[in-house]
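Trainee: quick one, what's the 3D model for this:
(one chain, ligands or ions: 1)
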Amino acid sequence: MSRRASSSGQQRRAHGASPAHAPTRVARPRSGLGTVAVLGGGNMGLALVRGLLEVGEGAATRILVSSREVSSLRERLAHLPVEIAGNNREAVAPADVVVLAVKPQILPQVLMEVRGHLRPGASVVSIAAGVPTSVLERSLGIEPEGVPSSIGVVRAMPNVAASVRASATAIARGRSCRPVDLERARRLLSAVGLVLEVDEELMDAVTGLSGTGPLYLFLILEGLSDAGVKVGLSRTVSSELAIQTLVGAAQLVRATGEHPAKLRDLVTSPGGTAITALHSLERSGLKAMLLDAVEAATKRSQELGAHWRPRERDPVPSDTEARPA
Ligand SMILES: NC(=O)c1ccc[n+]([C@@H]2O[C@H](COP(=O)([O-])OP(=O)(O)OC[C@H]3O[C@@H](n4cnc5c(N)ncnc54)[C@H](OP(=O)(O)O)[C@@H]3O)[C@@H](O)[C@H]2O)c1
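Mentor: Below you'll find the predicted structure:
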């Protein structure tokens with residue numbers, strides 16, 4: 001089935017009995033990841049390495065990490081069963097899965113360095129924010145049109161909670177992506193949290209919601225913690241209660257599968273505290289603020305991504321075509 005044929009509108013259709021509007025939970029992989037090369041030993045790269053190590057046997061048989069500064073990497077990876085590669089080419093050569101975990105602005109130079117050095121059959125998983133799979137494929141010399149490619153590309157957007165294995169991650173297929181690439185990306189990223197598949201054009205929306213999402217909730221937690229102090233609780237008690245309330249509410253929504261509005265109704269008794277607080281929140285426009293914030297972050301992600309778009313135009317307009325008359 002073609003990539004497009006399985007899509008429903010913009011959102012990828014779920015398999016089986018799942019509703020058409022839901023993103024696909026990617027099928028369980030049948031095998032481990034083999035050798036994984038992580039290019040970029042920063043926050044996200046090392047979060048993935050630690051996640052894979054915590055999953056343990058069966059996740060990856062061998063992990064290689066490359067970074068700009070090898071000595072500090074050595075310190076951060078001390079005592080972990082991970083190999084430090086001398087450079088990016090050395091890292092990708094034996095890898096079944098190559099993770100691109102450098103900053104987007106560094107990525108072109110890294111792609112140029114490893115182009116032609118990946119082993120046939122390898123899967124490339126990029127977590128670089130905003131970089132389209134078409135740019136990755138072209139930079140790596142993968143031509144997915146016509147002959148099937150021997151290297152497949154998947155793009156992912158995790159969030160900062162990957163460092164505690166609680167990321168909400170979306171993945172999207174490149175045109176070169178084969179079932180094995182998608183399976184590997186799911187296995188890799190599920191080591192650090194939840195993984196859902198969406199169509200690539202929704203990656204800016206994902207960035208606006210779950211990529212940037214921890215920030216919204218940090219702010220809400222900060223506000224709740226301050227509020228507890230304002231009404232007389234100690235900072236410690238207030239923060240702990242706020243954190244557990246957030247985690248508990250999220251767990252309840254997930255466990256019941258109910259719409260949050262329905263659960264809100266359940267806790268809102270006539271003349272009680274909840275309806276009084278709700279009135280205050282509605283007057284302040286909390287929900288509208290969240291809608292605005294996610295929309296603004298999505299637009300910003302689109303703006304930042306525009307940087308990559310001219311390189312996607314095919315054919316490139318001639319000098320005269322590009323210039324206004
Ligand atoms: N942080 C997040 O919450 C988040 C969420 C989603 C996606 N992402 C994406 O994840 C990627 C990594 O982000 P991060 O937060 O982990 O950044 P980071 O902590 O700065 O890590 C990037 C790493 O890449 C290394 N590096 C620089 N040049 C390199 C080269 N030529 N070859 C190999 N490694 C090189 C850097 O080394 P030096 O420090 O020595 O320069 C650094 O260790 C980014 O593309 C970002 O868009 C991040």
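
Trainee: residue 174: neighbouring residues, count only.
Mentor: Per other CB atoms under 10 Å, the neighbour tally for residue 174 reads 24. Heads up, the C-betas are built off the backbone N, CA and C, glycines and all.

Trainee: list the contacts for it?
Mentor: 133, 134, 136, 137, 144, 152, 153, 154, 155, 200 (CB atoms under 8 Å, 6 or more residues apart in numbering).

Trainee: so residue 180, which of the three states?
Mentor: Under DSSP: H, G, I helix; E, B strand; the rest coil, the three-state class of residue 180 is helix.

Trainee: wait, it touches residue 123, no?
Mentor: Yes. Using CB atoms under 8 Å, residue 180 is in contact with residue 123, at 6.6 Å.

Trainee: look up how far residue 104 lies from the residue in the chain that the ligand sits nearest to.
Mentor: Per CB to the nearest ligand atom, residue 42 is where the chain lies closest to the ligand, at 1.7 Å. Distance, residue 42 to residue 104, by CB to CB, to the nearest Å: 13 Å.

Trainee: out of the two, which sits in the busier spot?
Mentor: residue 104 (18 against 15).

Trainee: can you tell me the closest non-neighbouring residue to that one?
Mentor: Leaving aside its chain neighbours, residue 104 sits nearest to residue 128 (4.6 Å; criterion: CB to CB, 6 or more residues apart in numbering).

Trainee: just the pLDDT for that neighbour.
Mentor: Here the pLDDT value assigned to residue 128 is 97.

Trainee: same deal with the one 4 residues further on?
Mentor: Per-residue pLDDT puts residue 132 at 96.

Trainee: excluding chain neighbours, what is closest to it?
Mentor: Nearest one to residue 132, counting by CB to CB, 6+ apart, is residue 308 at 5.6 Å.

Trainee: what does the stretch 1-150 of the chain have sitting close to the ligand?
Mentor: Counting by CB under 6 Å from any ligand atom, the positions of the stretch 1-150 of the chain adjacent to the ligand are 39-45, 66-69, 88, 101-104, 106, 109-110, 127-129.

Trainee: the residue nearest to residue 104 in helix, strand or coil?
Mentor: coil.

Trainee: tell me where the stretch 1-150 of the chain has helices.
Mentor: In the stretch 1-150 of the chain, the helices defined using DSSP state H, counting those that start in this stretch lie at 43-55, 70-76, 88-92, 107-114, 133-139.

Trainee: any idea how far the third one is from the chain center?
Mentor: Okay, so that is helix 88-92. Distance of helix 88-92 from its chain centroid, counting by CA atoms, centre = their mean, to the nearest Å, is 23 Å.

Trainee: need the residues that contact it.
Mentor: 37-39, 64-66, 85, 98, 110, 113-114, 117-119, 122.

Trainee: just the residues you listed: which are in strands?
Mentor: 37, 38, 39, 64, 65, 66, 98 (DSSP state E).

Trainee: let me know the closest of those to residue 52.
Mentor: Of all the ones in strands among the contacts of helix 88-92, residue 52 sits closest to residue 38, with 8.9 Å by CB to CB.

Trainee: thinking that closest one is in contact with residue 45, fair?
Mentor: Yes. Taking contacts as CB under 8 Å, residue 38 lies within contact range of residue 45: 4.6 Å.

Trainee: so for the two, which residue has more residues nearby?
Mentor: The residue with more neighbours, out of residue 38 and residue 45, is residue 38; 32 against 22, by other CB under 10 Å.

Trainee: and that one, how far is that from residue 169?
Mentor: Separation of residue 38 from residue 169 (CB to CB): 15 Å.

Trainee: so what pLDDT did the closest residue to residue 233 other than its chain neighbours get?
Mentor: Here the nearest residue to residue 233 in space, its sequence neighbours aside, is residue 241; by CB to CB, 6+ apart that works out to 7.2 Å. Note on residue 241: pLDDT of 98.

Trainee: returning to what we had before: tell me the contacts of the residue nearest to residue 132?
Mentor: Contacts of residue 308 (CB under 8 Å, 6+ apart): 130, 131, 132, 135.

Trainee: and it, that one's in a helix?
Mentor: Yes. Residue state for residue 308 (three-state DSSP) corresponds to a helix.

Trainee: now stretch 224-238: how far from the chain's centre is it?
Mentor: Averaging C-alpha positions (CA atoms, centre = their mean) puts stretch 224-238 33 Å from its chain's average.

Trainee: brain fart, stretch 86-100
Mentor: Chain-centre distance of stretch 86-100: 21 Å, with CA atoms, centre = their mean.

Trainee: could you do stretch 203-212 as well?
Mentor: On CA atoms, centre = their mean, the centre of stretch 203-212 falls 8 Å from the chain's centre.

Trainee: that stretch spans what distance, first to last residue?
Mentor: 12 Å (CA to CA, to the nearest Å).

Trainee: rewinding a little: which residues touch the closest residue to the residue of the chain closest to the ligand other than its chain neighbours?
Mentor: Spatial nearest neighbour of residue 42, excluding adjacent residues (CB to CB, 6+ apart): residue 101 at 6.7 Å. Counting by CB under 8 Å, 6+ apart, residue 101 touches 38, 39, 40, 41, 42, 44, 45, 48, 127, 128.
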